[in-house]
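S.K.: Quick one: sequence plus predicted model below, questions after.
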Amino acid sequence: GMLITTDIKISQTMNGQEMKMSQLTTMGLVSEVLDVNDDGIISIKMTYETIKGKMKSQQMGVIEFDSTKPQQDDVNNPQAQAITGMYRAMAGMEFVMKYNPKGDVVGIEGIDEMMDKMVEGMGIFDPNAAKAMKDMFRNFMGEDAIEQMNNGAMAAFPDGPVGIGDRKSTRLNSSHILLS
């Protein structure tokens, strides 16, 4: 498995007023090789095992979520309910990545179903609003975004052999981020 941590800090001025927001999210992904076909295409099931996050802004206050703890929504904050509902829906969700022998992503399955569950978890049932939210999700977790992030991650692997206990650290940047 792997842990993916994103730390986003935004400061912007709107109508002369400074607005700040921060979001720290850690997602635990577990991967399982399902099969390797005759062409060498590897199918790997990715499961969001854990999701933990903290958002802070002047408008929403502090919103925290941890999929390993019992549900604790702030019933007086509809934005908090929507955000934690989205993350709660993601916990346990699966999708399948397909890689060629060079490590390039050649297919992804299950993302649309995951986005449907996330929108449902947010309590969005109006078809037009649900479509708009899924279109926004596609910017940071659609097939193109996931392919870009994963191809970058595979490119971070060393070209040659690595000894037991050796470490390599690489920082990856992506234009695909979640702004809730």
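M.R.: Yes, it's here. This is a predicted model, so every value here is computed, not measured. Numbering: from 1, shown residues only.
S.K.: Just give me the neighbour total for residue 18.
M.R.: Neighbour count for residue 18, taken as other Cβ atoms under 10 Å: 9. Placement of C-beta: from N, CA and C, glycine included.
S.K.: pLDDT averaged over stretch 95-103 - what is it?
M.R.: Across stretch 95-103, pLDDT averages out at 88.
S.K.: what residues are up against the closest residue to residue 122 other than its chain neighbours?
M.R.: In space, and not counting its chain neighbours, residue 122 is closest to residue 82: 4.3 Å by Cβ to Cβ, 6 or more residues apart in numbering. Residues in contact with residue 82 (Cβ atoms under 8 Å, 6 or more residues apart in numbering) are 122-124.
S.K.: What ranges in this structure fall below the confidence cut-off?
M.R.: 72-75, 145, 148-161, 167-180 (pLDDT under 70).
S.K.: Kindly recompute the last result at 50.
M.R.: 176-180 (pLDDT under 50).
S.K.: can you map out the helices along it?
M.R.: For the chain, the helices defined by DSSP state H occupy 78-90, 111-121, 127-141, 143-155.
S.K.: Could you list the buried residues of the second one?
M.R.: This points to helix 111-121. 111, 114-115, 117-119, 121 (16 or more other Cβ atoms under 10 Å).
S.K.: now do the first one
M.R.: Applying a neighbour-count criterion of 16+ other Cβ under 10 Å, the buried positions in helix 78-90 are 79-90.
S.K.: got those residues as JSON lines, with distance to residue 46 columns?
M.R.: As requested, these are exported to JSON lines (distance: Cβ to Cβ, whole Å):
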{"residue": "79", "distance to residue 46": "28"}
{"residue": "80", "distance to residue 46": "27"}
{"residue": "81", "distance to residue 46": "27"}
{"residue": "82", "distance to residue 46": "24"}
{"residue": "83", "distance to residue 46": "22"}
{"residue": "84", "distance to residue 46": "22"}
{"residue": "85", "distance to residue 46": "21"}
{"residue": "86", "distance to residue 46": "18"}
{"residue": "87", "distance to residue 46": "16"}
{"residue": "88", "distance to residue 46": "18"}
{"residue": "89", "distance to residue 46": "16"}
{"residue": "90", "distance to residue 46": "12"}
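S.K.: ok, back up a step: by neighbour count, which of the contacts of residue 82 wins?
M.R.: Going by other Cβ under 10 Å, residue 122 tops the contacts of residue 82 with 23 neighbours.
S.K.: mind listing the strands for this structure?
M.R.: When assigned using DSSP state E, the strands of the chain occupy the ranges 2-14, 17-36, 42-57, 61-66, 94-99, 105-109.
S.K.: Between the ones you listed, which one is closest to residue 144.
M.R.: Smallest distance to residue 144 across the strands of the chain (Cβ to Cβ): 9.4 Å, for strand 105-109.
S.K.: got a list of what residue 52 touches?
M.R.: By Cβ under 8 Å, 6+ apart, the neighbours of residue 52 are 25-27, 65-68.
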